[in-house]
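**Student:** prediction below, plus the sequence it came from.
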Amino acid sequence: MAVQGNKRLLLILTLVIVGGALLTLVFTSFTDSLVYFLTPSEVKEKAATLTGRKIRIGGMVQEGSLEKVPDTLKIRFLVTDGANRIPVHYEGMLPDLFREGQGVVVEGVWQPEAPFAASTILAKHSEDYVPVEMSKEGVAKAKESILKSLQ
Amino acid sequence: MWIEIGHFAALTALLAALVQWVAPIAGLRLQRPAWIRVGRQAAFAGLLLLSLASFALIKSFLDHDFSVAYVANHASLKLPIFYLATAMWGGHEGSLLLWAWFLSLFIAIAAWRHWQTHPDSMPWVLSILGALLSGFLLLVLFLSSPFERMIPPPADGRDLNPLLQDPGMVFHPPFLYMGYVGFAIPYAFAMAALITGRAGEEWILATRRWTLFSWAMLTTGIIFGGYWAYYELGWGGYWAWDPVENASFMPWLTATAYLHSVMVQERREMFKTWNLFLIIATFALSLLGTFLVRSGVLSSVHAFATDPGRGIYILVFMAVVLVFSFGLLVQRSDQLRTPTTLESLLCRESAFLFNNLFFVVAALTVLLGTLFPLAVETLTASKVTVGAPYYNKVFVPIMLGMLLLMGVGPMLAWRRAAGGQWKRTFLVPGVLGSIAMAGAWAAGVHHPYGLLAVLLIFFVGATHVLEVWRGAMVRSRQSGDGPGTALLRMINRNRRRYGGFVVHLGILVMVSGFIGSGLFQEERDLVAKPGDRFRIGGWELSFESIQETSKRNWTAMEATIRARKGGQEVVLLPQKRIYNEHSQPTTEAAIHSVWNEDLYVVLGDAVGEGFGIRLYRNPLVGWIWWGAGIVMLGVILALMQGRGLPRRKE
């Protein structure tokens, strides 16, 4: 019976160790991989705390701000929420739905005193779909302020 | 006209569902068997009525009846007939109706098949399923109706989202829904078992084929989704850990855990509460999957609409299901005590235990990553996302652990593994795996996960093949049959076990695909003009020309690119399409598949005189689809075993 008890203990111990290791893996990876989503205004506000962090910035591609570097896949544009704008650099293929005046989410590592080097660009994926990060009011507001700034 | 008939049929189906909900319980309480039979008839009536309603919606699409708002929003005059008929589930209103139709179909089948065999559970099963169907039909009819008219009707519809005009996307939702809905039947049987106090093995045996079928459908649905993403979205991958993909993956993980852990209950009468928990979790996650996608709370391709009323209804529905299920489980926990306990670390039972640990942690991983951003957004002002790196970091080790268990578990004996068997069972596979790993190292695979995966894939494959071969040889010696006959006889005797083996082999093929495409994908972005040459992964490509082309409802810029590798030469035609009713372009990648890799070419925007071009070399990606096919063969084999399981009590 003592042998039985030992085996049971061994089983439970293994279970706890393996389970604990798995959960540790989950939670450490989790905190490492959180990416904060910010609007250009929030970025300006918190710029000091963001250095070296991976973030997503969401807003509109400002009308008239898109520049393409000839014969390369490099582009530059401004992401705006109406109040503030952030210059963004990107090199690579653009999503089908990327264009001026449309909602966009750019992801990259924030470095102060430099244009935001985006590693990924997400554009809204269909005419029916607005990313949650870009709520309808957000888009409307941003559009409104862009119009205002043009007047 | 048709749409009114459909609307009326769906309303009547709601009445039938309410009857199906109430009549059987009333009949049971008042001891009127006739009322229980009324509940059963209501289930059949529900199927007929919802079939009529679904047909009416499809008919409205085929008739181009744009006075129906749903048709106007998801079809156009030029939409090809195949997509016209299947546009029924192209938006969320119609796909919820499809969900309800599947539920009524499965209810009718259950009422027909299990009526004789499970007379005690049947009233409760009917009633629970009636309640679910009523809840769903309320949603379909009053919060997201596909039957609404649009006055005045537009001359032409807004067309189906171009991304959905693809066979992968046509088959993805129905299969996924069949999987989701299929779990409703085992769930109802489990709840009935708790209510009637027969929470033994009966409900598990009764629903074995249901769970296996639903699992197979869910697997197929998920694979179709990945296939669609790969062929249609043009980003070179098939799985992005998008919340919507995760939503379908969570019930798959708990269902897989359940498929394994029920075997322990069948053989050893253990894990009773756990199995009930798993089936409840699987069904609840299926509901969550449907609702996450259809309520529009997630930032994702699939979340087409936002509607707070619908969201609240869905939350309440989920809450009721969860409170009812877990409340019942807690209330009846005294019935669920198990006389037997685990005796050893090295036995089949404990292998299943660890299997379940891995699958449940995997499900928790996905749940955390999917719901945490929603929680943060609700509770605080900030928004966060949890990206693919998190899932990849967690899932690769979990997957490797599962592979190890897959190689060891099925070979261990129940209760206690005999020590002497170890060398016999695992020596050859271990050596084979090590040789394969050394070979992979020599061939240039240096990633530790890649090497471990190769080792485990060969190890698991060898344990399975060896086990089958040994079994067949022993049988052949005993019976005097030839080895081939003995093999077939052996498989035939226990189709479920060997079906499971085939599923495992299919999974190995799929894992090879995941590892190959995940760790060894090559990618290149460039700008090129017609006449330019470039290369990727041993392929030499020459950009020959660019031309315009068009079909019924789209026009496209199309590049002609010739690709050569070794002796083979192919022409690839990647396109940038514009569908007539839509201003946004869509990408049509050109994909050339050979047995060990895909060459994947995407045409981008014009850049000066040239065009942006993105190239991928995706090793072993096709193995994922082939592996899924093998998995399905295994499931079919396992499904051919009826209720009469070989049950030996040790």
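**Tutor:** It's in.
**Student:** specify the beta-bridge partners of the residue positioned nearest the centre of chain A.
**Tutor:** Taking Cα atoms, centre = their mean as the criterion, residue A:56 is the residue nearest the geometric centre of chain A, at 2.3 Å. In this structure, residue A:56 bridges to residue A:37, residue A:107 when assessed by DSSP bridges.
**Student:** residues touching it, list them.
**Tutor:** If you count contacts by Cβ atoms under 8 Å, 6 or more residues apart in numbering or on different chains, residue A:56 has them with A:35, A:36, A:37, A:38, A:105, A:106, A:107, A:133, B:385. Placement of C-beta: from N, CA and C, glycine included.
**Student:** where does the chain dip in pLDDT?
**Tutor:** No chain in the question, so chain A it is. Scanning chain A for pLDDT under 70 picks out the ranges A:1-5, A:124-151.
**Student:** I was after chain B.
**Tutor:** For chain B, the ranges with pLDDT under 70 are B:295-308, B:339-340, B:343, B:381, B:417-420, B:642-650.
**Student:** so what's residue B:78 closest to, chain neighbours aside?
**Tutor:** residue B:553 (4.1 Å; Cβ to Cβ, 6 or more residues apart in numbering or on different chains).
**Student:** list the contacts of that neighbour.
**Tutor:** B:76, B:78, B:79, B:80, B:159, B:579, B:580, B:581.
**Student:** burial of the third one, as a residue count?
**Tutor:** This means residue B:79. Residues lying near residue B:79 (other Cβ atoms under 10 Å in any protein chain shown) number 24.
**Student:** check the gap between the residue lying closest to residue B:587 once chain neighbours are set aside and residue B:518 for me.
**Tutor:** Spatial nearest neighbour of residue B:587, excluding adjacent residues (Cβ to Cβ, 6+ apart): residue B:234 at 3.5 Å. Distance check for residue B:234 against residue B:518: by Cβ to Cβ, to the nearest Å, it reads 18 Å.
**Student:** out of these two, which sits in the busier spot?
**Tutor:** Neighbour totals were compared for residue B:234 and residue B:518, and residue B:234 leads with 27 against 22 (other Cβ under 10 Å).
**Student:** please name the residues that touch that one.
**Tutor:** A:96, B:587, B:588, B:589, B:602.
**Student:** and for residue A:50?
**Tutor:** A:38, A:43, A:110, A:112.
**Student:** can you put those residues in JSON lines and add neighbour count, distance to residue B:356 and secondary structure?
**Tutor:** Output for the contacts of residue A:50, formatted as JSON lines (neighbours: other Cβ atoms under 10 Å in any protein chain shown; distance: Cβ to Cβ, whole Å; DSSP: H, G, I helix; E, B strand; the rest coil):
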{"residue": "A:38", "neighbour count": "24", "distance to residue B:356": "40", "secondary structure": "strand"}
{"residue": "A:43", "neighbour count": "21", "distance to residue B:356": "44", "secondary structure": "helix"}
{"residue": "A:110", "neighbour count": "21", "distance to residue B:356": "42", "secondary structure": "coil"}
{"residue": "A:112", "neighbour count": "9", "distance to residue B:356": "48", "secondary structure": "coil"}
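**Student:** format these as JSON lines; extra columns: distance to residue B:14.
**Tutor:** JSON lines is the format used below for the contacts of residue A:50 (distance: Cβ to Cβ, whole Å):
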{"residue": "A:38", "distance to residue B:14": "46"}
{"residue": "A:43", "distance to residue B:14": "50"}
{"residue": "A:110", "distance to residue B:14": "53"}
{"residue": "A:112", "distance to residue B:14": "60"}
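**Student:** next one: the residue nearest the centre of chain B relative to chain A, how far apart?
**Tutor:** Centroid-nearest residue in chain B: residue B:218, 2.7 Å away (criterion: Cα atoms, centre = their mean). Going from residue B:218 to chain A by Cβ to the nearest Cβ, to the nearest Å gives 23 Å.
**Student:** isn't that residue right next to residue B:254, touching?
**Tutor:** No - here residue B:218 lies out of contact with residue B:254, judged by Cβ atoms under 8 Å, at a distance of 10.7 Å.
**Student:** residue B:558: which element?
**Tutor:** Counting by DSSP states H and E, the element that carries residue B:558 is strand B:554-565.
**Student:** check residue A:11 too.
**Tutor:** With DSSP H and E as the criterion, the answer for residue A:11 is helix A:2-33.
**Student:** same for chain B: which of the contacts of residue A:50 are within range?
**Tutor:** Within the set of these, contact with chain B (Cβ under 8 Å from any Cβ of the partner chain) is found for residue A:38.
**Student:** nearest to chain B, of the contacts of residue A:50?
**Tutor:** Among those, residue A:38 lies closest to chain B (Cβ to the nearest Cβ), at 7.9 Å.
**Student:** and the helix holding residue A:11, what other elements does it pack with?
**Tutor:** Packed against helix A:2-33 by the contact rule (3 or more Cβ pairs under 8 Å, 6 or more residues apart in numbering or on different chains; DSSP states H and E) you find helix B:348-379, helix B:388-408.
**Student:** got the angle for that helix vs helix B:348-379?
**Tutor:** Counting by axes from the mean of the first three to the mean of the last three Cα atoms, to 10 degrees, helix A:2-33 lies at 30 degrees to helix B:348-379.
**Student:** from the chain's centroid, how far away is helix A:2-33?
**Tutor:** Using Cα atoms, centre = their mean, to the nearest Å, the distance from the centre of helix A:2-33 to the centre of the chain it belongs to is 34 Å.
**Student:** do stretch A:85-99 as well
**Tutor:** Remark: stretch A:85-99 is offset 13 Å from the chain centroid, using Cα atoms, centre = their mean.
**Student:** list the buried residues in the helix or strand containing residue A:42.
**Tutor:** Mapping residue A:42 onto the secondary structure by DSSP H and E places it in helix A:40-50. Neighbour-count burial for helix A:40-50, counted by 16 or more other Cβ atoms under 10 Å in any protein chain shown, picks out A:40, A:41, A:42, A:43, A:50.
**Student:** nearest to residue A:17 among those?
**Tutor:** Of all the buried residues of helix A:40-50, residue A:17 sits closest to residue A:50, with 38.0 Å by Cβ to Cβ.
**Student:** count of neighbours near the closest residue to residue B:433 other than its chain neighbours?
**Tutor:** Spatial nearest neighbour of residue B:433, excluding adjacent residues (Cβ to Cβ, 6+ apart): residue B:459 at 3.6 Å. Using other Cβ under 10 Å, residue B:459 is surrounded by 26 other residues.
**Student:** same question for residue B:319.
**Tutor:** Neighbours around residue B:319, by other Cβ under 10 Å: 10.
**Student:** residues in contact with it?
**Tutor:** Applying Cβ under 8 Å, 6+ apart, no residues qualify as near residue B:319.
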